[in-house]
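[1] what's the 3D shape of this:
(2 chains)
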There are 2 protein chains.
Amino acid sequence: MAQKEISQAVIRRMPRYYRYLGELLDAGVERISSNDLSNQMQVTASQIRQDLNNFGGFGQQGYGYNVKYLYEEIGKILGLDQVHNIIVIGAGNLGQALTNYVKFERFGFKIIALFDVNPALEGVSVRGIKVHMLDELDDFCANNKVDIAALTMPKAKADITAKHLVSIGIHAIWNFAHVDLDIDNEDVVVENVHLSDSLMQLSYNIEKNKK
Amino acid sequence: MAQKEISQAVIRRMPRYYRYLGELLDAGVERISSNDLSNQMQVTASQIRQDLNNFGGFGQQGYGYNVKYLYEEIGKILGLDQVHNIIVIGAGNLGQALTNYVKFERFGFKIIALFDVNPALEGVSVRGIKVHMLDELDDFCANNKVDIAALTMPKAKADITAKHLVSIGIHAIWNFAHVDLDIDNEDVVVENVHLSDSLMQLSYNIEKNKK
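    Model prediction:
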């Protein structure tokens, strides 16, 4: 498969393809034309063809896509054929909510530990997964394969925690803290989930619709 | 202010401006040049000027932006000068996590009730906000101003619940369920937070960095 640089805009659309193909697969659909996929996903057929051509195509003229094959190939593109171990820093409601999302495991994402500074949470388990005290973080990361750290902690400590995680070898951060992390290291990938930003965008569109 | 159609890409960047300006304001900064703002935000100064020009500018040549004024104006653009009442459908961990985000209130977003089908949650309160049973939803919405419904419930029931909410007059949905809602009504605005999609994008970038 060609290894050219693919834009993040294309990558952002791939999980949605993966989701729709998974639903088709569950429904027993074996083959789908780009037109039918286009109708279901409300994306133009030409957009679908363009997006998939970034990875070498997958379709055959007049024949459509093999759903299972395409699902699995997109899964590989997204790295879902690998297991990614996650630690959650911040074992409050949000950290616990993420830990309870069993479905992440279906995609290879396995939460293996939570960390918090609140002594009341020491020894507590969420879905069988233990909450550790934050001072055990370095030892834990030295002794376990940790691929991703989810930051579900208050904004004030997020940046310093992220820098520390990077210094002990964690190279992927799923950031829920309402701050842009200041990490100047191209080997580190950060994905932000800024809930307030999303709510503000909704609010803009509400007010726009009133006009 | 000109009321032309502004692209969602621009709108998506506005909460980030708002956040940075809020931090400058908290730090006592009164005025900032687009170059300084550009350095802090790691966006080009020309991008900043272009974005803000969509709303009529706000800057003065050689003088920079008045932080407080710009913060407030962007707040108005985003509708944050209004109060938006939110109900949360699904009072599990995620619904409770959102309810506990006190900061949303600072931006005018007020969670006024949670709903669930689990009788064990009846009468429970989260930060003083009551969990109602789902069969009380229609009455509640008839008797209260509800601006936004947050869907933090399983995917299977999300679409039918969203359609019902629209039928009883709710025109804004903040969707956390891992499904695209099938709502064909241009008066309804939907903002999706698809956590799995975000995790998959992170995973793609992790694997890409390994190559």
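[2] Quickly run through the sheet partners of the helix or strand where residue A:85 lies, with directions.
    Under the criterion DSSP states H and E, the helix or strand holding residue A:85 is strand A:84-89. Sheet partners assigned to strand A:84-89 using DSSP bridges are listed as strand A:109-116 (parallel), strand A:148-151 (parallel).
[3] nearest to residue A:100, of those strands?
    When these are compared by C-beta to C-beta, strand A:109-116 sits nearest residue A:100, at 9.3 Å. For glycine as for every other residue, the C-beta is placed from the backbone atoms N, C-alpha and C.
[4] Is any residue of the next helix-or-strand element following that closest one near chain B?
    Note on strand A:109-116: by DSSP H and E, the next helix or strand toward the C-terminus is strand A:125-126. No - on the criterion C-beta under 8 Å from any C-beta of the partner chain, strand A:125-126 is out of touch with chain B, staying 8.8 Å away.
[5] Whichever helix or strand comes after strand A:125-126 vs strand A:84-89, what angle?
    Remark: after strand A:125-126, the chain's next helix or strand is strand A:129-133, criterion DSSP H and E. Our comparison of strand A:129-133 with strand A:84-89, counting by axes from the mean of the first three to the mean of the last three C-alpha atoms, to 10 degrees, yields an angle of 50 degrees.
[6] And for strand A:129-133, what's in contact with it?
    Residues from elsewhere that reach strand A:129-133, judged by C-beta atoms under 8 Å, 6 or more residues apart in numbering or on different chains: A:91, A:99, A:111-117, A:119, A:121-125, A:140.
[7] pLDDT of it, averaged?
    This predicted structure assigns strand A:129-133 an average pLDDT of 97.
[8] elements contacting the next helix-or-strand element following it?
    Proceeding C-terminally, strand A:129-133 gives way to helix A:137-143 as the next helix or strand, assigned by DSSP H and E. The elements that helix A:137-143 packs onto, with contact taken as 3 or more C-beta pairs under 8 Å, 6 or more residues apart in numbering or on different chains; DSSP states H and E, are strand A:84-89, strand A:109-116.
[9] Dump helix A:137-143 to PDB, keeping only the CA atoms.
    Provided in PDB are the C-alpha atoms of helix A:137-143 (Å, rounded to 0.1, in the frame of the first residue of the first chain):
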ATOM      1  CA  LEU A 137       2.500   5.900  37.600                       C
ATOM      2  CA  ASP A 138       6.200   5.600  36.800                       C
ATOM      3  CA  ASP A 139       6.600   2.100  38.100                       C
ATOM      4  CA  PHE A 140       3.500   1.000  36.400                       C
ATOM      5  CA  CYS A 141       4.600   2.400  33.000                       C
ATOM      6  CA  ALA A 142       8.000   0.800  33.400                       C
ATOM      7  CA  ASN A 143       6.500  -2.600  34.000                       C
END
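[10] and that helix, average pLDDT?
    In this model, helix A:137-143 carries a mean pLDDT of 98.
[11] Quick one: list the elements packing against the lengthiest helix in chain A.
    Looking across chain A with DSSP state H, the single longest helix is helix A:8-26. Counting contacts by 3+ C-beta pairs under 8 Å, 6+ apart, helix A:8-26 is packed against helix A:34-41, helix A:45-53, helix A:67-77, helix B:195-210.
[12] burial of residue A:105, as a residue count?
    For residue A:105, the tally of surrounding residues (other C-beta atoms under 10 Å in any protein chain shown) stands at 11.
[13] Check which residues of the helix or strand where it lies are buried.
    Residue A:105 is part of helix A:103-106, with elements assigned from DSSP H and E. For helix A:103-106, the buried set under the neighbour-count rule, 16 or more other C-beta atoms under 10 Å in any protein chain shown, comprises residue A:104.
[14] contacts for that helix?
    Contacts with helix A:103-106, where a contact means C-beta under 8 Å, 6+ apart, come from A:86, A:98, A:110-111, B:178, B:196, B:199.
[15] what is the rounded mean pLDDT of it?
    Across helix A:103-106, the per-residue pLDDT values average to 89.
[16] Quick one: distance of it to the chain centre.
    11 Å (C-alpha atoms, centre = their mean, to the nearest Å).
[17] Could you do stretch A:201-211 as well?
    28 Å.
[18] go on, stretch A:92-104?
    Its chain's C-alpha centre and that of stretch A:92-104 lie 13 Å apart, by C-alpha atoms, centre = their mean.
[19] Among the helices and strands packed on helix A:8-26, which comes closest to residue A:145?
    Each of the helices and strands packed on helix A:8-26 was checked against residue A:145 via C-beta to C-beta, and the shortest separation belongs to helix B:195-210, namely 12.6 Å.
[20] returning to that earlier point: most tightly surrounded among the strands paired with strand A:84-89?
    Using mean count of other C-beta atoms under 10 Å in any protein chain shown, the stretch among those with the largest mean neighbour count is strand A:148-151, at a mean of 26.
[21] By pLDDT, give me the weakest of the contacts of strand A:129-133.
    For those, the minimum pLDDT belongs to residue A:123; the value there is 88.
[22] how about it, what does it touch?
    With contacts defined as C-beta under 8 Å, 6+ apart, residue A:123 is in contact with A:130-131.
[23] Need the phi and psi values for it.
    phi 80, psi -10 (degrees, to the nearest 10).
[24] that older thread, can you tell me which of the contacts of helix A:103-106 is closest to residue A:166?
    Ranked by distance to residue A:166 (C-beta to C-beta), the contacts of helix A:103-106 are led by residue A:86 at 15.9 Å.
[25] Alright, calling it a day.
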